[in-house]
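> next comes the sequence, and after it the predicted model I'd like to discuss.
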Amino acid sequence: MEPKLLRKPNWLNKKINLLKNREMKILLKEFKLNTVCQEALCPNISECFFCGVATFMIMGNICTRNCKFCNIKKGKPLSLDWNEPERIKKAVERLKLKYVVITSPTRDDLKDGGAKFYAYTISVLKRISSLKIEVLIPDFLLKRQSLETLVEAKPDVIAHNIETVPSLYKKLRPKADYRRSIKLLRALKEIDSTIITKSGIMLGLGEKEKEIIRVFKDLRGVDCDFVSIGQYLPPSLSHYLLKEYISQEKFSYFKEVALSLGFKSVMSTPYTRSSYLAHLYFDSSFI
């Protein structure tokens, strides 16, 4: 039986600036770089580029885990390319970016999960004056030394996405662990209480409202500062099947709930993604 497709509501018909997208593709090819914007088929790609924001994916484009919602390739990753951070720096300068998010596939094959590579990338990008740097990290299997290495590099924001509610982890994220992710966000604040932390959740996967609010409370329980709330959109029919389109009114409701629980900044719309206009969480006057 073929999977049943839900009819997309009219508010999810976003137009992409193809010219800006093409310019970015040419530059990425020149510098041999990956962006999660392209790998994850993000619908916001041209909007973020226009605002001087981009998310670069370091350490290759192959993940060692098998999350059912993600479009990143799965398999055996390649060896690290220590020249990659310098190429990212050149691309950032060429594009005159104001805010950069650095992320990666999960690299369970590396002893430190890639923490030293993250730290080196941050140090290279810090040579660019006034650039804000956010990192969106995997869980590093909760290795304390890896987290300390990352915090000591002093990015402006450290993000780690919770992605969904605990009851769906077994189906969606069989190699991840909800409590481990919560403990990671707690550990970051234990290492440096001043670090800004961020997480994100997708809706429409079959979660219940009370479960979503429970996630908000768990995140605030470890002093998570920012949260993103967006609509799950399957990259293909082979990915986890969409269960529901969430209304814009419901996204507004969840934003108010999250703010009432003490988050410093919340973005909650159907098209919100963790790195979508990421500078606005950090400083709404940035652009």
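Done, it's in. Numbers count the residues shown, from 1 in each chain.
> now do the strands in the protein.
For the chain, strands defined by DSSP state E occupy the ranges 34-35, 53-57, 62-63, 73-74, 99-103, 132-136, 157-159, 196-203, 226-231, 265-268.
> could you export these to a markdown table, including columns for mean pLDDT, distance to residue 120 and mean neighbour count?
The way it works is simple: take the backbone N, C-alpha and C, and place the C-beta from them, glycine included. Conversion of the strands of the chain to a markdown table gives the following (pLDDT from 0 to 100; distance: least, Cβ to Cβ, whole Å; neighbours: other Cβ atoms under 10 Å):
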| stretch | mean pLDDT | distance to residue 120 | mean neighbour count |
| --- | --- | --- | --- |
| strand 34-35 | 64 | 17 | 23 |
| strand 53-57 | 82 | 14 | 25 |
| strand 62-63 | 88 | 20 | 19 |
| strand 73-74 | 84 | 24 | 13 |
| strand 99-103 | 91 | 11 | 27 |
| strand 132-136 | 95 | 12 | 22 |
| strand 157-159 | 96 | 16 | 24 |
| strand 196-203 | 96 | 21 | 24 |
| strand 226-231 | 95 | 25 | 25 |
| strand 265-268 | 93 | 29 | 20 |
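> tell me which of those strands lies nearest to residue 91.
strand 53-57 (7.6 Å; Cβ to Cβ).
> show me what the closest one is packed against.
Contact here means 3 or more Cβ pairs under 8 Å, 6 or more residues apart in numbering; DSSP states H and E; on that basis strand 53-57 packs against strand 34-35, helix 36-39, helix 84-95, strand 99-103.
> ok, which of those comes nearest residue 114?
The stretch from the helices and strands packed on strand 53-57 with the least distance to residue 114 (Cβ to Cβ) is strand 99-103; that distance is 10.6 Å.
> tell me how far that closest one lies from the chain's centre.
Here strand 99-103 is found 9 Å from its chain centre; the criterion is Cα atoms, centre = their mean, to the nearest Å.
> do the same with stretch 90-110
For stretch 90-110 - counting by Cα atoms, centre = their mean - the centre lies 12 Å from the chain centre.
> report the buried residues of it.
Residues of stretch 90-110 classed as buried by neighbour count (16 or more other Cβ atoms under 10 Å): 91-92, 95, 97-108, 110.
> and if you look at stretch 215-224?
215, 216, 218, 219, 222, 224.
> what would the strands of the chain look like in a markdown table with distance to residue 123?
Putting those into a markdown table (distance: least, Cβ to Cβ, whole Å) gives the following:
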| stretch | distance to residue 123 |
| --- | --- |
| strand 34-35 | 20 |
| strand 53-57 | 15 |
| strand 62-63 | 25 |
| strand 73-74 | 28 |
| strand 99-103 | 12 |
| strand 132-136 | 10 |
| strand 157-159 | 15 |
| strand 196-203 | 19 |
| strand 226-231 | 24 |
| strand 265-268 | 27 |
